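In: Predicted model follows, preceded by the sequence.
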Amino acid sequence: MTTRVRASKPFITNADSTKSAGLNRQGSGEVSLPQKMLENAYDSSPRGNGLRTARIRYTKPSITSAEVNYVMDAARHGWGERCYEYIDLFEQLFRAHLGVKHAIATSSCTGALHMGLAALGVGPGDEVILADINWIASAAPITYLGATPVLVDILPDTWCLDPEKADAAITPRTKAIIATHLYGNLCDMDRLRALGHQYGIPIIEDAAEAIGSLWRGKRAGSMGTFGTFSFHGTKTLTTGEGGMFVTNDDALYEKVVTFSNHGRARGEARQFWPAEIGFKYKLSNLQAAIGCAQIERAEELIARKREIFFSYKQRLSGLPLIMNDERPETVNGCWMPTVVIEKGVPFNRALLLESFKRAGIDSRVFFWPLSQTGLFRKIHHTPVSCDISPRGINLPSYHDLTGEEINRVVNPIVRCLVRAAA
């Protein structure tokens, strides 16, 4: 039998190629990082017993032998006619998990949002409404298309888009509304979908932070005209970098599929023939291999995030603060445990962050109002966003965070608030 000659394929060997990357190979064959890099993972402050305290990172992924084995298989065999196997499987598994008809793996949530907005025809002169409290990745794709982000206020309990403010911001130029589910908290999808139906405006779900969150039994990202997800290394499910576009709209799916492949339509017989100018937002087969193992472990990973959140909530109960919202009609995926100190309580966030730093604990500030960055034109008054942001912090949350480590995180918060009350 004649061996088929490929136009190109990678050269994979078992040779030791770790030296050039600055890695050390131990006698067992296990690869380890150089000692200097390991030292950076620990707090340099000596403890009373002369030992150093392991640094608590604000997040890190949960990687098991399942992810490693899938990636090894993809590296060895996922080329040529098999170069899309793990991508196809990842999309299939994610569709089933979310309960949607279509899913397209992308290189980022930003890319997924960009292509979805483009497929809706968003362009110069159009407006897209979203919450003022957002990471810039939710607003940037609007500007890529020449449209204008219209920033409106949030609700004080969910920290998500206020439907009443969104309604007031609608104009004849409004092309879409982006509902960002913040830190696992959920937007009021009943009211937002009613708005969309009333005005004929697509409701887009930015579910980058909401894997595992449910609204009346429906998974975040599955209810809007389309939804987008992130698999960044900080997320509950990760591929290192990556995203997903999901929809139940057949026509919209076909448009995004075409956009995602440099404008080449499915079924086009001519090789390298673009039907239109598209984008390059593909996820690699290697990344998708990690994603397959992660989505197979999704319920375990989400459950552990919830355990960590409720451990924090129990330890912080009785203090003048609120945490991520979970009302009877919702389930919160608890991606990022967050505390917002109650209004009127003397609180200096900078001092708390410094206390965390001294204790070898990473933390994140609550997102800034995008209107304060000077990058977007402020059209609407957003007092709730501006009031909550400086009173909020995100707490470390990764799957093997221990009870002792949670206590280490909680202690500076307790001391800070006790001092404030004195």
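Out: Looks like it arrived, so ask away.
In: since we're on Ala350, how many residues are nearby?
Out: Ala350 sits with 9 neighbouring residues when counted by other Cβ atoms under 10 Å. No exception for glycine: its C-beta is placed from N, CA and C like everyone else's.
In: any idea how far Val365 is from it?
Out: 10 Å (Cβ to Cβ, to the nearest Å).
In: Would you report the backbone torsion angles of Pro149?
Out: The phi and psi values for Pro149, taken as degrees, to the nearest 10, are phi -70, psi 130.
In: Could you check the pLDDT of it?
Out: Pro149 carries a pLDDT value of 98.
In: thinking it is in contact with Phe376, fair?
Out: Yes - counting by Cβ atoms under 8 Å, Phe376 is a contact partner of Pro149 at 5.4 Å.
In: Please identify every residue contacting each of those two.
Out: Ala139, Leu370 (Cβ atoms under 8 Å, 6 or more residues apart in numbering).
In: Strands of the stretch 1-150 of the chain, start to end?
Out: Secondary structure of the stretch 1-150 of the chain by DSSP state E, counting those that start in this stretch: the strands cover 24-25, 31-32, 42-46, 52-54, 102-106, 127-131, 148-152.
In: Give the partner strands of the last one in its sheet and their orientations.
Out: Just to be clear, that refers to strand 148-152. Strand 148-152 has its sheet partners listed here by DSSP bridges as strand 127-131 (parallel).
In: and the strand it pairs with, what's its mean pLDDT?
Out: Here the average pLDDT along strand 127-131 is 98.
In: Just the CA trace of that strand, in CSV.
Out: Extracted in CSV, the C-alpha atoms of strand 127-131 (Å, rounded to 0.1, in the frame of the first residue of the first chain):
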residue,chain,number,x,y,z
GLU,A,127,-25.2,51.4,19.5
VAL,A,128,-24.9,48.4,21.8
ILE,A,129,-26.0,48.7,25.4
LEU,A,130,-24.1,47.0,28.2
ALA,A,131,-23.3,47.6,31.9
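In: how long is stretch 374-387 from one end to the other?
Out: Separation of the first and last residues of stretch 374-387 by Cα to Cα, to the nearest Å is 18 Å.
In: Now it: buried residues?
Out: Phe376, Thr382, Val384, Ser385, Cys386 (16 or more other Cβ atoms under 10 Å).
In: and if you look at stretch 241-259?
Out: So, applying 16+ other Cβ under 10 Å, buried residues of stretch 241-259: 241-249, 252-253, 255-259.
In: from the residues you listed, which ones fall inside strands?
Out: Among the buried residues of stretch 241-259, DSSP state E puts Gly243, Met244, Phe245, Val246, Thr247 in strands.
In: What number of residues are in the vicinity of Lys60?
Out: So Lys60, with other Cβ under 10 Å, has 16 neighbours.
In: gap between it and Ser107?
Out: Taking Cβ to Cβ, one finds Lys60 at 21 Å from Ser107.
In: Equivalent analysis for Ser222, please.
Out: Counting by Cβ to Cβ, the gap from Ser222 to Ser107 is 22 Å.
In: Check Cys334 too.
Out: 26 Å.
In: same deal with Leu352?
Out: Leu352 is 35 Å from Ser107, by Cβ to Cβ.
In: One more: Arg193?
Out: When Arg193 is compared with Ser107 (using Cβ to Cβ), they lie 29 Å apart.
In: SS state for the closest residue to Tyr70 other than its chain neighbours?
Out: The spatial neighbour of Tyr70 that comes closest, neighbours along the chain excluded (Cβ to Cβ, 6 or more residues apart in numbering), is Ala289 at 4.0 Å. Assigned by DSSP: H, G, I helix; E, B strand; the rest coil, the conformation of Ala289 is helix.
In: which ones are touching Tyr147?
Out: One correction, residue 147 is Ala, not Tyr. Counted by Cβ under 8 Å, 6+ apart, Ala147 has contacts Leu117, Val122, Gly123, Pro124, Gly125, Asp126, Glu127, Val128, Lys175.
In: what about Pro124, neighbour count?
Out: Using other Cβ under 10 Å: Pro124 sits among 8 other residues.
In: And for Arg270?
Out: 7.
In: The one 5 residues further on too?
Out: Neighbour count of Ala275, defined by other Cβ under 10 Å: 13.
In: Same check on Asn69?
Out: 12.
In: where does this structure have low pLDDT?
Out: Across the chain, the ranges flagged by pLDDT under 70 are 1-52, 420-422.
In: Could you pull up the residues touching Lys313?
Out: Contacts of Lys313 by Cβ under 8 Å, 6+ apart are Met323, Pro337.
In: Would you double-check that it falls in a strand?
Out: No - secondary structure assignment places Lys313 outside any strand; it is helix (three-state DSSP).
In: Please tell me how far it sits from Ile56.
Out: Relative to Ile56, and taking Cβ to Cβ, Lys313 is found at 18 Å.
In: again with Gly80
Out: On the measure of Cβ to Cβ, Gly80 and Ile56 end up 44 Å apart.
In: Looking at the two, which is more packed in?
Out: Ile56 (21 against 12).
In: The more buried one and Gly360 touch, don't they?
Out: Yes - counting by Cβ under 8 Å, Ile56 touches Gly360, with 6.5 Å between them.
In: now, which of the buried residues of stretch 241-259 sits nearest Thr338?
Out: Closest approach to Thr338 among these (Cβ to Cβ): Gly243, at 22.2 Å.
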